[in-house]
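Asker: how would this look folded up:
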Amino acid sequence: MLDNEVIIGVTPLTSIILNEEFPTLKKVSIEPYNITYSSWLPLSFKLLMDSFRISRVIRKEKIQLEAIVKEYRINVVISDNRFGLQHSSVECVYMTHQLNIQAGWLSSMANKIHHHYIKKFNQVWVPDFEEETKSLSGLLSRSHNLKNVTYINPLSRLIPSSTIVEDLDYLFLISGPEPQRTILETVLFEIASKSNKSIYIVRGSNKPQPFKSNDKITVINYATSSQLSELMQRAKTIVCRSGYSTLMDLNALHKKNIVLVPTPGQQEQEYLANYWKEKYHIKIILQKNLKDFRLD
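Answerer: Residues are numbered from 1 along each chain as shown. Modelled structure (predicted):
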């Protein structure tokens, strides 16, 4: 095996987790997209309204990559859904599970823009099964308009263990951009506070913690991969968003007793939640209906 050096591009938000998970690897700062969700607009509309600012970020990250490639003599760039991390003089890989964006009547335009950027990369890696009957992302990862696509199977940093016992009633995993993250956090803690079940809450934020742990509820900001592996396997029921990274983790740990709460207006998560409901008989609760959710 070649003695390669891995350098990770981080933003202020991702550095919190990546510094914890990979303390010895070199990190370089890259421009954050700083995408926020509206409390009422679909994400596709929000991104359309924000397109000029995002275009500026893409141009800036291309300039940043030029400097990084030159300074560190980079040979290969792997871009996790970042349009601007493409360089003409090195091998560039684009990683995404969305070859076929599902965004209602905006789908055609969204895919045209997405494919415009994807085609600039040498390769496309899709973290899903190539066999359609086994796919975790359904139509999202299927497209006949792109070349050099390789399905690399689902990815997860979590490791299953046969020795962990399900002794925790509920695990609430809260994630995603604001303001929806805080909205979900507030509702779920209210639900937890009215229950006598044992509950663990992972907030997915380092903002000041508004809720305190007690004898039944444990609240933490973030969990390392080892902590998350243990907590998810201990939980009899997991309540979480239907983001694809979370779904790959659930698949890796063979968890089936799940309640998915798709982010309102996030059509990708809405599609994935419905796909998993149909394929794996997973329960879905819309965020607006969570006030009626009772812990069994």
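
Asker: Run a quick neighbour tally on Ile164.
Answerer: By the measure other C-beta atoms under 10 Å, the count of residues near Ile164 is 14. Where C-beta positions appear, they are placed from N, C-alpha and C, glycine not excepted.

Asker: Now do the nearest residue to His254 once chain neighbours are set aside, the pLDDT please.
Answerer: Nearest residue to His254, sequence neighbours excluded (C-beta to C-beta, 6 or more residues apart in numbering): Pro160, at 6.4 Å. What the model reports for Pro160 is a pLDDT of 94.

Asker: Same check on Pro42?
Answerer: 61.

Asker: Equivalent analysis for Ser213, please.
Answerer: In this model, Ser213 carries a pLDDT of 85.

Asker: Now do the helix or strand encompassing Asn251, average pLDDT.
Answerer: For Asn251, the host element (DSSP states H and E) is helix 244-252. Averaging pLDDT along helix 244-252 yields 97.

Asker: Tell me the first helix or strand C-terminal of it.
Answerer: Counting by DSSP H and E, the next helix or strand C-terminal to helix 244-252 is strand 258-260.

Asker: gap between that next one and the chain center?
Answerer: Computed by C-alpha atoms, centre = their mean, to the nearest Å, the chain-centroid distance of strand 258-260 equals 15 Å.

Asker: Which residues are in contact with Ile7?
Answerer: By C-beta atoms under 8 Å, 6 or more residues apart in numbering, the residues touching Ile7 are Leu25, Lys26, Lys27, Val28, Ile68, Tyr72, Ile74.

Asker: Quickly note the distance from it to Lys60.
Answerer: 18 Å (C-beta to C-beta, to the nearest Å).

Asker: Now do the same contact list for the residue nearest to His254.
Answerer: If you count contacts by C-beta under 8 Å, 6+ apart, then Pro160 has Ser229, Gln233, Ala252, Leu253, His254 around it.

Asker: repeat that for 7 Å
Answerer: The neighbours of Pro160, taking C-beta atoms under 7 Å, 6 or more residues apart in numbering as the test, are Gln233, Ala252, Leu253, His254.

Asker: Just the buried ones from the residues you listed, in PyMOL syntax?
Answerer: A single PyMOL command selects the buried members of the contacts of Pro160 (16 or more other C-beta atoms under 10 Å):
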select buried, resi 233+252+253
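
Asker: Looking at the contacts of Pro160, which one is closest to Thr14?
Answerer: Distance to Thr14, by C-beta to C-beta, is smallest for Ala252 among these, at 20.5 Å.

Asker: Give me the nearest residue to the closest one, chain neighbours excluded.
Answerer: Ser156 (3.7 Å).

Asker: Any idea what Cys92 is bridged to?
Answerer: Val77 (DSSP bridges).

Asker: pretty sure it is touching Asn122, no?
Answerer: Yes: at 5.3 Å, Cys92 and Asn122 qualify as touching, with contact defined as C-beta atoms under 7 Å.

Asker: Looking at these two, which one has more neighbours?
Answerer: Looking at Cys92 and Asn122 with other C-beta under 10 Å, you find the greater number of neighbours at Cys92, namely 20 against 14.

Asker: Enumerate every residue touching that one.
Answerer: By C-beta under 7 Å, 6+ apart, the residues touching Cys92 are Val77, Ser79, Gln86, Phe121, Asn122.

Asker: Could you work out the most separated pair of these?
Answerer: Ser79 and Asn122 (10.8 Å).

Asker: Quickly list what's touching both of the two.
Answerer: Cys92, Val93.

Asker: Let me see the backbone angles for Leu295.
Answerer: phi -80, psi 120 (degrees, to the nearest 10).

Asker: wait, which of the contacts of Ile7 is closest to Glu270?
Answerer: Closest to Glu270, out of all of the contacts of Ile7 and judged by C-beta to C-beta, is Lys27, at 33.8 Å.

Asker: All set, thanks.
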